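Q: kindly generate the corresponding structure for this input.
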Amino acid sequence: MVELIEAILDVPKIYYGALLGIGFCTYYLCEVVRRPILACAPGPFRDFLEDNIPIVTNKFWPTLWCFESRAQTVMASILRSRYLPEVMYRREILVLEDGGEVALDWAESNCSPHSPIVIILPGLTGASQAEYIKCLVGAAKNVGIRCVIFNNRGLGGVELKTPRTYNAANCDDLSEVVQHVRKLHPNVPLGATGISMGGLILGNYLAHQGPAASANVKSALIISVPWNVFEGTKSIEKPFLNLMLNKHLASNLCRNVKRAELQLNATEKRFHWDTDDMMKSCKTVRDFDQSFTIKQFGYKAVEDYYADATLHDKLHRIEIPVLCLSAADDPFQPLEAIPIEEANKSKNVAIVVTSRGGHIAFLEGVWPVQQDQYIGKLFSQYFTAIFTQDLNCGRNVTTP
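A: The predicted model follows:
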C-alpha cells in the first residue's frame, strides 16, 4: 500500500492536469452539449420549425468556461454591455389614452419602408439599450427587419406622466402600441418579441386578445419567460446566488419607483404610497409586488396578481404561431415549471428548451462577445422564415 502511494506521488503533475482536462471535456460533451427539447404538437407549425429553423434541432454548445446557469446569466449581461455598441434609435413618444406616455424606439437602418416590423418588449426593468435588446436589434438589422422597442411607462428616459406604472399581467399599453404601429404601417407584416417579463405581457396579450391579436400580429417569439410566476418566484428566492439576483432586481424596481415619485411630485401628481418605507423594506421582488404592485393595480393579494400574470396555463388560448425559448437551468424558472406537456398538445405554441443557458443568456463560443449570438440567430432565423413562408403549406409568399 505504501509503495502504491509513493508511486502515485511520483507521477508528474502534468498527468493529473491531463486527466482532469479529459474528465472535464467528457462531462461537457456528454452532459452539457445537447440538442434542445422541441415541444409542439404535430402539424404545420412544428413542420415549419423543423424545416426552416435549424437552430431548434441543432445541438447547443454553451461557452466551455461559463456554462453554469448563474454564471451564464451574469456574464451575458457583463459581456454584452461592454462589447455591444449603443444602438441609434429614432424615438417616438406615444401618448396613451389615459395621458400616460411611452417611448417607442425605432431601429430602421438597412431597411426599406416595406420591411417587416417586430415590436420588442424588454424585461422587468429593461429598456431599449438593455444588452439583450441590442443583441436582437443587431440580428434584425442583418436580415433587413425593422424593430420598435416598447419601453414601459417610466422607463427608457421618459418621465412618468401619471401615477400608473406597469405589471406583468396588464397588456392595455401593449394593445395601444400594437394598434398604433398597425395604423402607421397597415400593409406591413408585424411580429412581436417579449423577453422575460416582457414575454409575460406579450403572452397575456395574445391569450386575452385572441382574434384581435391574431388580426394584427403575424407571429411572436418569447425568450426566457417565467411561465409559472409562483414557481419562478420561489426559485429566485433560494439562497445564495439566486437570492442575490432577486435582490438586485428588487433594488432596481424600488429606484425606478422613487425616481417616478420625484417626477410626479414636481407636477403635483402624487403616488399614494410611502416610497421611503418601501425602499427600506423591499428586499425581494415578492416584497415589491406586495408593497407596491398589487396596491397600485387593485389586487387583494400577491397570489391573485401572480395567478393573473402566469402564462403556463394559457397556451390553449393563443391563436397565432409563437416560438418560445427557455433554458432548463434558468434560475428564474425551474424545468418542472415549463409547460412542456401543454406545448406538446398545442398546434400554435412551440417551446424550445436548451439544457443550459441561464436567464436571457444562452452564451456560446469560446469568447461570446460577437453580435451574432444564440438568441440573435434564433430571432433572425425565425422571423425571416415567418415573413417569407406560408405556415399552412410551406410555400413562398410575397411580403407586402
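
Q: pLDDT weak spots in this structure?
A: Scanning the chain for pLDDT under 70 picks out 1-13, 15-16, 265-274, 370-371, 390-400.

Q: show me the strands in it, by range?
A: Under the criterion DSSP state E, the chain carries strands at the ranges 37-39, 90-95, 101-107, 117-121, 146-151, 190-195, 219-223, 322-327, 349-354.

Q: output those strands in JSON lines; the columns should cover distance to residue 341.
A: Heads up, the C-betas are built off the backbone N, CA and C, glycines and all. Output for the strands of the chain, formatted as JSON lines (distance: least, C-beta to C-beta, whole Å):
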{"stretch": "strand 37-39", "distance to residue 341": "8"}
{"stretch": "strand 90-95", "distance to residue 341": "39"}
{"stretch": "strand 101-107", "distance to residue 341": "36"}
{"stretch": "strand 117-121", "distance to residue 341": "26"}
{"stretch": "strand 146-151", "distance to residue 341": "31"}
{"stretch": "strand 190-195", "distance to residue 341": "22"}
{"stretch": "strand 219-223", "distance to residue 341": "18"}
{"stretch": "strand 322-327", "distance to residue 341": "14"}
{"stretch": "strand 349-354", "distance to residue 341": "10"}
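
Q: quick one: which of the ones you listed is nearest residue 387?
A: Among the strands of the chain, strand 190-195 comes nearest to residue 387, with 7.4 Å by C-beta to C-beta.

Q: which other helices and strands does the closest one contact?
A: In terms of contacts (3 or more C-beta pairs under 8 Å, 6 or more residues apart in numbering; DSSP states H and E), strand 190-195 is packed against strand 117-121, helix 131-142, helix 172-184, helix 197-209, strand 219-223, helix 374-386.

Q: which residues does that strand contact?
A: If you take C-beta atoms under 8 Å, 6 or more residues apart in numbering as the criterion, strand 190-195 is touched by 116-123, 126, 132-133, 136, 178, 181-182, 200-203, 216-225, 360, 379, 383, 386-387.

Q: gap between residue 384 and residue 161?
A: In this structure, residue 384 lies at 37 Å from residue 161, with C-beta to C-beta, to the nearest Å as the measure.

Q: what does residue 23 give?
A: For residue 23, the distance to residue 161 - C-beta to C-beta - is 59 Å.

Q: try residue 74
A: Per C-beta to C-beta, residue 74 is found 34 Å from residue 161.

Q: now the residue nearest to residue 69 when sequence neighbours are not counted: how far from residue 232?
A: Spatial nearest neighbour of residue 69, chain neighbours left out: residue 329 (3.8 Å); criterion: C-beta to C-beta, 6 or more residues apart in numbering. Distance of residue 329 to residue 232, computed by C-beta to C-beta: 13 Å.
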